[in-house]
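Trainee: Please work out how this folds:
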Amino acid sequence: SHPYIYSIIPQTGSIQGGTLVTLKGHGFSKKYAHKLLCRFGKMLTVAAEYKSNQEVRCISPNAEGIISVGESVQLAISINGHDFVSSKEIAFTFIPQIYIKSLNPSSAPVTGGTCITALVSGIESYNVTDTFCHFGTLVSPVTLIDSEGKITCTVPSIDTWVGLTVPFEISVNGENDKTDSGSVFTYYEPPIVMGLQPSFGSVVGGNLVTVTGTGFINSGDIACAFGLSISPRVTYISETKVTCVSPSVSANESDNDVSVRIANNGVDFSPNYTSFPRYTYEGNPTVIRVTPEFAIADGSTMCIITGKYLHRAVACRFGSLGDVVQITHKKMSEIACTPPPISLSSPYLNSTAEIHLKFETGSFTPMGVSIRYEKPPSQNEIHSISLGETFSRPEVQSVEPYSVSAGGGYWISVYGKRFINREGLQCVFGHDIFTRGRFLSQKKIMCQ
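Mentor: Sure, this is the predicted structure:
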């Protein structure tokens, strides 16, 4: 009977030839196996291999200069070496030689599972089938091919030593047509983060954090993630150290701690174990007020600075040119600093000096509130910081009676000069026993 072709697999192959094509049909006689021929178009004839009465195989010839790239030709079969038969529905298309333009990423952990993307020339406009990625001897099927020639596949795991670099190639048509690009792919051990310094920073970001651990690679693609946010700048120092600039996060993420992870290839970040160090985002430090708002130029006034997230402050400065002073007390929302003394010729005297704070990370920052330096009062004057006024210093000359019962509760007459009738008048017995006073005149008051 006359041979007949039902189908061919694959229906495409490289213009440079070498594609193994399987023909399915009937009438392929073993008796004439030595005379079997395949003809691609009208001019290119190659020997065929008999497999069964229903199957024959042949290898596509080099068609460069004879058939145009992208041209489809009829594939015919001859069982006697002379007479060829074909079917109008059966055609073979010659496509360009495929080659890899780019690969991203070009490395991954030995655990596998990474989705990589390769840009492959020669397959973007043609119906190629059975496409595979080759990682050395390991093969992974292509999961996607788009119209631009981008393909994706999943990196297989590997059971061998870390740092292994293997050839990476792409094949189509059931591994018949394979690239010879010289591309390589590198396997590595997943990096592990073990320490952070500092382990906190503002939600506005920009904090330089030193990350220590193991398995860091100077790949050029190394990336650092703070939770779900990617660091804007990463610097490789060594296999055990990198520096990352903390990214900014929204204000409602303050007081949240996040994992910090490293990806040597920019894609596969290190494991997120709860036992690993965490980075805490804190609100941006702000100052609401300072009490008192006046300070004596002799350096005797302690100021209480109230605000938010002040517990990381380490030093104060009053005025951009003022001396640095240490913080004597601090809490989350409150710190205490004593403005340093200034000379009577200082530009800050009788003027405002803005408060600058230095935190554990960063330089001095103006906080938007100021104090006003006042001249020291004379020996006969007292300056009230809370009231912002200067008073004559009262003088006690005598008291009547001189002694009373230890039970207290007696009214004592106090004589002297420069007494003032003000609300809150008090008498002091010793250094720390305060009682209420009653004003009678500038020369006399009553103390209980």
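
Trainee: Next, the buried residues of the host helix or strand of Val120.
Mentor: Per DSSP states H and E, Val120 falls inside strand 115-121. Neighbour counts using 16 or more other Cβ atoms under 10 Å place Ile116, Ala118, Val120 of strand 115-121 among the buried residues. For every residue, glycine as well, the C-beta is placed using N, CA and C.

Trainee: Return the closest of those residues with respect to Ala353.
Mentor: Relative to Ala353, the closest of the buried residues of strand 115-121 is Ile116; by Cβ to Cβ it sits at 59.7 Å.

Trainee: List the beta-bridge partners for Ile170.
Mentor: Cys133 (DSSP bridges).

Trainee: Got the confidence number for it?
Mentor: pLDDT recorded at Ile170 is 91.

Trainee: and if you look at the one 3 residues further on?
Mentor: If you check Asn173, the pLDDT there is 77.

Trainee: quick one: the strands in the stretch 251-400 of the chain?
Mentor: In the stretch 251-400 of the chain, strands defined by DSSP state E, counting those that start in this stretch lie at 256-263, 278-282, 286-291, 294-296, 303-308, 313-318, 324-326, 329-331, 334-337, 352-359, 365-374, 381-384, 389-392, 395-400, listed in chain order.

Trainee: now those in CSV, with distance to Arg438, mean neighbour count and mean pLDDT?
Mentor: Putting the strands of the stretch 251-400 of the chain into CSV (distance: least, Cβ to Cβ, whole Å; neighbours: other Cβ atoms under 10 Å; pLDDT from 0 to 100) gives the following:
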stretch, distance to Arg438, mean neighbour count, mean pLDDT
strand 256-263, 57, 20, 92
strand 278-282, 51, 19, 91
strand 286-291, 29, 15, 93
strand 294-296, 29, 21, 86
strand 303-308, 32, 18, 92
strand 313-318, 40, 20, 93
strand 324-326, 41, 12, 92
strand 329-331, 36, 12, 86
strand 334-337, 35, 19, 92
strand 352-359, 39, 19, 92
strand 365-374, 31, 18, 92
strand 381-384, 20, 14, 61
strand 389-392, 18, 14, 69
strand 395-400, 14, 11, 88
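
Trainee: shaky segments in the chain?
Mentor: By pLDDT under 70, the low-scoring segments of the chain are 1, 124-129, 160-163, 253-255, 377-390, 431-432.

Trainee: hmm, back to that, can you convert the strands of the stretch 251-400 of the chain into JSON lines and add a column each for distance to Pro247?
Mentor: Below are those laid out as JSON lines (distance: least, Cβ to Cβ, whole Å):
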{"stretch": "strand 256-263", "distance to Pro247": "10"}
{"stretch": "strand 278-282", "distance to Pro247": "10"}
{"stretch": "strand 286-291", "distance to Pro247": "21"}
{"stretch": "strand 294-296", "distance to Pro247": "39"}
{"stretch": "strand 303-308", "distance to Pro247": "22"}
{"stretch": "strand 313-318", "distance to Pro247": "24"}
{"stretch": "strand 324-326", "distance to Pro247": "31"}
{"stretch": "strand 329-331", "distance to Pro247": "28"}
{"stretch": "strand 334-337", "distance to Pro247": "28"}
{"stretch": "strand 352-359", "distance to Pro247": "19"}
{"stretch": "strand 365-374", "distance to Pro247": "20"}
{"stretch": "strand 381-384", "distance to Pro247": "49"}
{"stretch": "strand 389-392", "distance to Pro247": "51"}
{"stretch": "strand 395-400", "distance to Pro247": "65"}
